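[1] Build me a structure from this.
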Amino acid sequence: MSEYKFAPENRDVAQERFKKTGGAPPQGVKVIGRFAFIGAHSGTPQVSPDGRTLLLVAVDAQGMNMLWLRPLDSLSARPLPGTEGADSPFWSADGLSIGFFANGKLNDLRLSPDGQRVAYSNGVPNSDIWIRELKRDAPMRLTFDPSVDKGAPVWSPDGNEVLFDIAPGGKNPAGIYRKSSSGTGAEELLAQPKEAGAGLWPTDWSRNGQFILCVQGEILSRNSGEIWVLPASAVDKPRVFVHAPGAAYDGQFSPDGHWVAYVSKESGREEVYVVPFDGNQVSNTPPLEQVAIKKRWQVSAKGGAFPRWRRDGKELFYVAPGDGFTAIGIEVKGSEFSVSDARPLFKESLAAVLSPYDVRGDGQRFLANGFGERGTLPLTLVANWKELLMNK
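    Model (predicted):
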């Protein structure tokens with residue numbers, strides 16, 4: 001994509017007009033943040049080259065995101081027809097045309113244990129949980145409350161249930177819920193955050209079905225967070241499993257349930273670590289207290305996030321800085337854990353969500369919420385945009 005700049009004199013005029021209006025959103029439009037940033041690549045509001053018009057992605061009363069145009073000396077704005085689902089808008093150098101990308105993507109995603117279905121969050125401005133059969137490409141909606149955001153789906157080991165989190169502000173309390181993957185029955189609350197305003201989301205379910213890993217912390221930036229382990233019976237309270245300086249999150253059980261891979265920012269950047277897991281030790285730890293962990297191994301050497309295990313536990317995948325998917329061999333001898341040299345696999349630009357990819361059990365196929373190279377996305381050019389507004 002090209003970067004367009006406008007003359008300093010017009011920039012100054014635009015800034016003054018923006019200050020006078022206070023950056024108020026268009027009437028009848030619900031704004032996410034200051035403006036409606038839809039997804040990781042929605043972009044910032046764009047000022048026209050002549051410094052007179054603001055172009056932004058916003059959500060209307062029906063929940064549809066599209067492009068809106070607003071003169072900077074006015075508080076009113078108008079939608080631009082034909083731009084439903086628009087993403088990352090930009091102006092042409094002469095200001096007569098508007099370009100944007102359009103290709104709606106799912107958000108958090110996890111493959112079912114048999115690899116035949118994917119649970120994912122989707123929706124604007126708030127996500128619901130959906131399940132899609134991959135072979136038939138058949139989607140099924142699992143939750144039905146568009147008033148509040150839901151995400152971080154996690155499958156039960158038998159594939160019969162799905163965990164997910166509900167954010168604060170809805171009709172149900174914020175926390176972790178479970179529901180049948182068939183869509184039947186009610187949602188069951190499993191755990192709530194112990195700190196007001198904190199997020200609580202699941203990250204994995206042990207293969208024996210007894211324990212759930214989750215994170216309490218700041219769900220967007222992940223600058224704060226600690227890993228909890230929650231008994232799946234829902235009759236017992238969680239224990240603090242990993243508390244690290246900075247943040248710890250995205251805990252993932254090894255297939256045999258004896259290890260947990262997770263991400264921590266304690267070194268100043270994201271790195272992948274592995275610690276032992278003992279179910280009896282967890283059960284003997286008082287509720288809400290810290291589980292004593294005496295050993296730890298660093299897996300990534302130059303940064304890493306989003307760890308995922310191969311089904312046999314002999315390989316661990318993670319994403320290195322620069323969107324580099326990486327595999328590393330695992331060797332376990334009794335209580336000792338070791339890794340081989342990391343092996344780069346491929347690169348894929350991932351969406352900025354909690355769980356942007358998953359890997360099939362044999363490690364041969366990856367399902368990713370990725371954007372790839374920008375040149376590969378559908379690009380739409382709207383010429384004579386003023387005529388479209390007049391004809392609306």
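[2] which residues touch the closest residue to P245 other than its chain neighbours?
    Nearest residue to P245 in three dimensions, chain neighbours excluded: E266, at 4.4 Å (CB to CB, 6 or more residues apart in numbering). C-beta coordinates here come from the backbone N, C-alpha and C atoms, glycine included. Shown in contact with E266 (CB atoms under 8 Å, 6 or more residues apart in numbering): 244-246, 248.
[3] and those, which are buried?
    If you count burial by 16 or more other CB atoms under 10 Å, the buried members of these come out as 244, 248.
[4] Out of the contacts of E266, which comes closest to N208?
    A248 (23.0 Å; CB to CB).
[5] distance of the closest one from W205?
    18 Å (CB to CB, to the nearest Å).
[6] before we move on, what about V339?
    Taking CB to CB, one finds V339 at 24 Å from W205.
[7] now do R178
    10 Å.
[8] Now do the shared contacts for those two.
    With CB under 8 Å, 6+ apart as the test, R178 and W205 both reach 156, 163.
[9] So these two - more neighbours on which side?
    W205 (26 against 21; other CB atoms under 10 Å).
[10] Could you pull up phi and psi at D114?
    phi -90, psi 0 (degrees, to the nearest 10).
[11] Am I right that it is in contact with G159?
    Yes. Counting by CB atoms under 8 Å, G159 is a contact partner of D114 at 6.1 Å.
[12] what about these two, which has more around it?
    G159 (16 against 11).
[13] Name all residues that make contact with D94.
    D94 touches P49, counting by CB under 8 Å, 6+ apart.
[14] Specify the local secondary structure of it.
    What DSSP: H, G, I helix; E, B strand; the rest coil gives for D94 is coil.
[15] And the helices in this structure?
    Using DSSP state H, the helices of the chain run over 8-21, 279-284, 385-391.
[16] Could you pull up the mean pLDDT of the shortest one?
    In this case it means helix 279-284. Averaging pLDDT along helix 279-284 gives 95.
[17] What residues of that helix count as buried?
    Result for helix 279-284 [16+ other CB under 10 Å]: buried residues V282.
[18] hmm, who's touching that helix?
    So helix 279-284 is contacted by 206, 208, 210-211, 229, 231, 239, 241, 257, 291-292 (CB under 8 Å, 6+ apart).
[19] Out of the residues you listed, name the ones that lie in strands.
    211, 229, 231, 239, 241 (DSSP state E).
[20] Would you mind checking which of the contacts of E266 is nearest to T184?
    The closest of the contacts of E266, once distances to T184 are taken by CB to CB, is A248, at 35.4 Å.
[21] Can you list the low-confidence ranges for the stretch 1-150 of the chain?
    1-44, 59-65, 82, 84-88, 97, 100-106 (pLDDT under 70).
[22] ok, now with 90
    Applying pLDDT under 90 to the stretch 1-150 of the chain picks out residues 1-52, 54-107, 122-127, 135-138, 146-147.
[23] any chance you could map the strands in it?
    46-47, 53-59, 65-71, 78-79, 87-91, 97-101, 109-111, 117-122, 128-133, 138-141, 150-155 (DSSP state E, counting those that start in this stretch).
[24] Next, format these as a markdown table and append distance to E187 and mean neighbour count.
    Formatted as a markdown table, the strands of the stretch 1-150 of the chain follow (distance: least, CB to CB, whole Å; neighbours: other CB atoms under 10 Å):
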| stretch | distance to E187 | mean neighbour count |
| --- | --- | --- |
| strand 46-47 | 40 | 21 |
| strand 53-59 | 25 | 24 |
| strand 65-71 | 27 | 22 |
| strand 78-79 | 34 | 17 |
| strand 87-91 | 31 | 22 |
| strand 97-101 | 35 | 20 |
| strand 109-111 | 17 | 24 |
| strand 117-122 | 14 | 23 |
| strand 128-133 | 10 | 20 |
| strand 138-141 | 13 | 12 |
| strand 150-155 | 10 | 26 |
